[in-house]
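Student: task: produce atomic coordinates for the following.
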Amino acid sequence: MTTYATRFGAIEVPQDKRWICAEPMPGFEELREFALVRLAGQAPFIWLQSLEVPDLAFLMADAACFGLRFPARDADPGEFDAPPCVLVILPQAPGEALRVHRLAPLLFNVAQARFLQRVFETDQVTGEGVWTGRRSTEADAAWHARLVEFQPPPLQHAASPGVRSVGRGSELAVP
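Tutor: Just a heads-up that it's a prediction; the model follows:
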């Protein structure tokens with residue numbers, strides 16, 4: 001087990017909860033090792049935490065939460081055995097809606113602890129990418145066993161009603 005100093009505080013990541021990015025993510029080609037961190041009270045959101053750049057974490061959620069569906073992969077439909085996840089773009093101003101990278105989900109192979117980002121054409125994606133709150137039925141115990149559960153230390157300031165903390169110094173108004 002290794003401890004990482006992240007934007008959320010010190011997080012212990014066991015070897016069996018590390019993920020490898022199988023193909024470089026555009027713009028982050030040098031990053032390969034990650035952990036999936038679920039912060040207490042932030043379900044259904046999960047953080048894709050870089051283990052190489054501890055201050056870098058991407059917020060993501062099950063694509064079904066945003067009403068999105070993607071075609072099965074051509075090569076081996078069983079290769080990716082967890083729900084596709086989309087990267088969430090945090091609102092910049094109060095009242096703005098959550099947005100997602102609609103055409104570029106992350107696909108996960110739980111058995112091999114590998115993932116990649118796949119880009120689809122607009123006509124291949126079903127759904128508008130609008131928050132529905134519904135989750136996929138594909139997630140299973142093996143997927144959940146590979147998540148790092150983390151209770152962040154309390155923040156120094158009080159959050160507004162209806163606003164959840166998503167990291168030190170940042171807030172997310174959950175729809």
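Student: distance of residue 151 from residue 8?
Tutor: Using Cβ to Cβ, to the nearest Å, one gets 10 Å for the distance from residue 151 to residue 8. (Glycine included, C-beta is placed from N, CA and C.)
Student: so what sits against both of those two?
Tutor: Shared contacts of residue 151 and residue 8, defined by Cβ atoms under 8 Å, 6 or more residues apart in numbering, comprise residue 39.
Student: now the residue most central in space within the chain, nearest residue through space, not along the chain?
Tutor: The centroid of the chain falls nearest to residue 60 when counting by Cα atoms, centre = their mean (2.8 Å). Leaving out its chain neighbours, the residue that sits closest to residue 60 by Cβ to Cβ, 6 or more residues apart in numbering is residue 85, at 4.4 Å.
Student: ditto for residue 50
Tutor: residue 56 (4.2 Å).
Student: okay, now that neighbour: neighbour count?
Tutor: For residue 56, the neighbour count with other Cβ atoms under 10 Å is 15.
Student: so who does the residue nearest to the centre of the chain touch?
Tutor: Listed by Cβ under 8 Å, 6+ apart, the contact partners of residue 60 are 45, 46, 47, 48, 85, 86, 87, 88, 106.
Student: now with 10 Å, please.
Tutor: 36, 44-48, 84-88, 100-101, 105-106 (Cβ atoms under 10 Å, 6 or more residues apart in numbering).
Student: in strands, which of those residues fall?
Tutor: Counting by DSSP state E, the part of the contacts of residue 60 found in strands is 36, 46, 47, 48, 85, 86, 87, 88, 100, 106.
Student: nearest to residue 26 among those residues?
Tutor: residue 87 (11.3 Å; Cβ to Cβ).
Student: quick one on the thing from earlier: which of the helices or strands spans the residue nearest to the centre of the chain?
Tutor: According to DSSP states H and E, residue 60 maps onto strand 57-62.
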